[in-house]
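**Student:** build the 3D model from these lines:
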Amino acid sequence: MQKAIDEAKAASVEIRTRKMRVGEPFVPGMLAEAARAYDLVLLEAAGLHRAVVEAVLFESGRPLMLYPRQSFNGRMDSVAVAWDGSASAVSAVHDAEPFIEYASKVYLVCVTDEKAVDDETGNHLVENMHRSGVKAEIIHARADGQPVGDVLQAKAFELRADLLVMGGFGHSRLREFVLGGATKSVLTNVLLPVFLSH
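**Tutor:** Numbering: from 1, shown residues only. The predicted structure is shown next:
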């Protein structure tokens, strides 16, 4: 925690920290509840239990940024958005607006062979981004049988994106979440900062 405080101070960013004491199995619920008071939740992906990620993502009402264990520094200048035209993707774009509006380039990445993607809404979104001064374009990729989350991260790397924005998709039944395929594969192997919103 001290490292985060020192880094924020060096970057002239205000940061507030809060210590919470709770034991298993109450950690996921406590984190989800605490997250409701903040704009964004940052979690290091390494060693995280799936229950913690699911609780924060689906129960807090706040976006979540997972970052890999290896350090990353500097501005998030280029943003890749996992785009399939769904309400979840739209929500993620809206929640990630502070990153998108300051990006030098935004890529809407569509995996075309995983499910049908209507380009019309994506084209309108790109057009609206251009009107707001954001350089954006649609990029198509093919999964070819690979997990969609892996394809999205690989394409983000290829595009030299600093951040991958995704809609966190899941189905709730008796408070047990079944993650959508792209969300699940990204959560198992976070290679770059991933912004998730549900």
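
**Student:** go through the top helix by length along the chain and flag the buried ones.
**Tutor:** The longest helix of the chain (DSSP state H) is helix 119-131. Residues of helix 119-131 classed as buried by neighbour count (16 or more other C-beta atoms under 10 Å): 121, 122, 125, 126, 129. To be clear about C-beta, it is placed using only N, CA and C from the backbone, and glycine gets the same treatment.

**Student:** beyond it, next helix or strand please.
**Tutor:** Downstream of helix 119-131, the next assigned helix or strand under DSSP states H and E is strand 136-141.

**Student:** pLDDT below threshold where in this protein?
**Tutor:** Applying pLDDT under 70 to the chain picks out residues 1, 22-23, 47-48, 71-74, 169-188.

**Student:** let's go with 80 and repeat that
**Tutor:** Along the chain, the model assigns pLDDT under 80 to residues 1-5, 7, 15-28, 43-53, 69-75, 113-119, 168-191, 198.

**Student:** which residues in it form strands?
**Tutor:** With DSSP state E as the criterion, the chain has strands at 41-44, 64-67, 78-82, 105-111, 136-141, 163-167, 170-173, 176-179, 194-197.

**Student:** related to what we said a few turns ago, out of the buried residues of helix 119-131, who's nearest residue 110?
**Tutor:** Using C-beta to C-beta, residue 122 is the member of the buried residues of helix 119-131 that lies nearest residue 110, at 6.7 Å.

**Student:** contacts only, for the closest residue to residue 49 other than its chain neighbours.
**Tutor:** Distance criterion C-beta to C-beta, 6 or more residues apart in numbering; nearest residue to residue 49, sequence neighbours excluded, is residue 28 at 7.5 Å. The contact partners of residue 28, taken as C-beta atoms under 8 Å, 6 or more residues apart in numbering, are 49, 51, 52, 54, 55, 56.

**Student:** can I get the residues you listed in a markdown table with distance to residue 63?
**Tutor:** Shown next, in a markdown table, are these (distance: C-beta to C-beta, whole Å):
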| residue | distance to residue 63 |
| --- | --- |
| 49 | 19 |
| 51 | 19 |
| 52 | 15 |
| 54 | 14 |
| 55 | 14 |
| 56 | 10 |
